[in-house]
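*Asks:* Model the structure of this input:
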Amino acid sequence: MAGGRKALGALAFAWAIALAALLSLAVAVALFGNPRAGAPVIRLDLELRAVHPVKPAQRQAANVNLIGAGAQPTASLPAPPAASVTPAPNAMQTPTVLPPQIVPAQIGKPVSAGRALIADPALIEQSAQGPLPRIADDGRTPLAAYAPPTVAAPGQPKIAIVVGGLGISARQTAAAIAQLPSGITLAFAPYDADVQRWIGEARKQGHEVLLEVPMEPYDFPDSDPGPHTLRAAAGEDTNIDRLSWSLSRVTGYVGITNLLGSRFITDADALEPVMTDLARRGLMFFDDGSSQHSVAPDVAKRVGEPFAQAATTIDVIQTGMEIDQRLSELETRARLSGSAAGAGFLYPVTLDRLSVWAKGLPGRGIALVPASAIVTPPK
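*Replies:* Numbering: from 1, shown residues only. So this is what the prediction gives:
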């Protein structure tokens, strides 16, 4: 019993010491404050966002989600969180100045942009949708009339480069027209209301112009090239009507190229009526080469459609080293076959590398030519 009383006494003494320590701490805080109250505190609010890889064939659909004729494009991928940094005054972007509108609503006489023809009533079929290209009564085709001259010696290897994505962003379109050498063909999407202005500026600077016609990709509608998309299951009449809508937006182009289209361009039954209509109108078809299973070469040969196809997309990987390598491969192909074509997008790195590469071509004995200069003629 005496041992138990001693143990209880020791325990009570320990509790008394602990209670006294707590009371002393409380008194100290009350008198002197929390010693860490003035220390700086960092709080991070983190938001986790899913990142989805973008396939090369989806590069244009990933840049814009076109919502209608004349509508302003909007980003189709989630935009990054806005930075809370105010740029310096000299870093602010100035608005892009639009080129003048030189093509009137009613085209009554030939219209030129500088020295380049951009509209000719003899090459226009008036329709309810707008002016459609046609072969003139004297046999002239839009392909021949709107193509710039080709500067190449007989037997000289030729390379054509088509850069697409113009007519979506005014700033990027202006940069491409100003920066790229005139021998490069530019392809414009048909949606924005100012596309005709930019085509006029491109023709004034000596560029050949193609029209990008939206076509169904395999992952439609996840990748959506926009309204009036040609679709494999839509039927001939529907697709020709949609094609006519695109063709009627602007004038001054030598032909069309596919905007996406990995699904549509592999379906011969869907593609053949489109090719036939293009041949009837005197336009060329440029296959951007993004689909390994394209039937466009065979269909074009069957219906007598002027045709060219890109051997490679030069900016699948958007680095200067990779783009330079693809361009070098095109040079090798041109020397072996006489001509070669490549396709790209108006990424800043693409514009930079093309500008540097083109300057050295004459010294390597290769001619940079518009896409119309390497078409396979109809038979």
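*Asks:* Tell me where the protein has helices.
*Replies:* All helices of the chain, identified by DSSP state H, fall at 2-32, 59-63, 142-145, 170-179, 195-204, 236-247, 268-281, 296-303, 320-337, 348-360.
*Asks:* Tell me which of those sits nearest to residue 313.
*Replies:* helix 320-337 (7.7 Å; C-beta to C-beta). The C-beta positions use only the backbone N, C-alpha and C, and glycine is treated the same way.
*Asks:* Can you mark which positions in that closest one are buried?
*Replies:* 323, 326-327, 330-331, 333-334 (16 or more other C-beta atoms under 10 Å).
*Asks:* Would you mind putting these into CSV with pLDDT alongside?
*Replies:* Formatted as CSV, the buried residues of helix 320-337 follow (pLDDT from 0 to 100):
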residue, pLDDT
323, 98
326, 98
327, 98
330, 98
331, 98
333, 98
334, 98
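*Asks:* nearest to residue 220, of the residues you listed?
*Replies:* Nearest to residue 220 out of the buried residues of helix 320-337 is residue 326 (C-beta to C-beta; 27.2 Å).
*Asks:* What is the burial count for the closest residue to that closest one other than its chain neighbours?
*Replies:* Nearest non-adjacent residue to residue 326, counting by C-beta to C-beta, 6 or more residues apart in numbering: residue 314, 4.2 Å away. For residue 314, the count of nearby residues is 26 (other C-beta atoms under 10 Å).
*Asks:* Same check on residue 115?
*Replies:* 9.
*Asks:* How many neighbouring residues does the closest residue to residue 295 other than its chain neighbours have?
*Replies:* The shortest distance from residue 295 to any non-neighbouring residue, by C-beta to C-beta, 6+ apart, is to residue 268 (4.6 Å). Around residue 268 there are 13 other residues, counting by other C-beta under 10 Å.
*Asks:* what's the distance between residue 268 and residue 300?
*Replies:* The spacing between residue 268 and residue 300, counted by C-beta to C-beta, to the nearest Å, is 11 Å.
*Asks:* next one: residue 378
*Replies:* Distance from residue 378 to residue 300, by C-beta to C-beta: 8 Å.
*Asks:* Now for these two: what residues contact both?
*Replies:* Here residue 378 and residue 300 have residue 306 as joint contacts, going by C-beta atoms under 8 Å, 6 or more residues apart in numbering.
*Asks:* So the two - more neighbours on which side?
*Replies:* The residue with more neighbours, out of residue 378 and residue 300, is residue 300; 25 against 13, by other C-beta under 10 Å.
*Asks:* per-residue confidence at the more buried one?
*Replies:* We have a pLDDT of 98 for residue 300.
*Asks:* Next, the contact list for it, please.
*Replies:* Taking C-beta under 8 Å, 6+ apart, one finds 275, 285, 306-307, 376 in contact with residue 300.
*Asks:* Just among these, which is most surrounded?
*Replies:* residue 285 (27 neighbours).
*Asks:* Name whatever forms a beta bridge with that one.
*Replies:* residue 256, residue 307 (DSSP bridges).
*Asks:* can you pull the contacts of it?
*Replies:* 255-257, 275, 278, 296, 300, 305-308.
*Asks:* so how far is residue 192 from residue 165?
*Replies:* Using C-beta to C-beta, residue 165 is found at 12 Å from residue 192.
*Asks:* ok, residue 178 - how many residues close by?
*Replies:* For residue 178, the neighbour count with other C-beta under 10 Å is 10.
*Asks:* Now do it against residue 328, distance only.
*Replies:* Separation of residue 178 from residue 328 (C-beta to C-beta) stands at 26 Å.
*Asks:* can you check residue 137 too?
*Replies:* Computed as C-beta to C-beta, the residue 137 to residue 328 distance reads 46 Å.
*Asks:* Equivalent analysis for residue 114, please.
*Replies:* In terms of C-beta to C-beta, residue 114 sits 33 Å off from residue 328.
*Asks:* now swap in residue 292 and tell me
*Replies:* Distance, residue 292 to residue 328, by C-beta to C-beta: 21 Å.
*Asks:* can you tell me which of the contacts of residue 285 lies nearest to residue 246?
*Replies:* Nearest to residue 246 among the contacts of residue 285, with distances taken as C-beta to C-beta, is residue 256, at 7.6 Å.
*Asks:* burial count for that closest one?
*Replies:* Neighbour count for residue 256, taken as other C-beta under 10 Å: 24.
*Asks:* Also residue 366?
*Replies:* Other residues close to residue 366 by other C-beta under 10 Å number 21.
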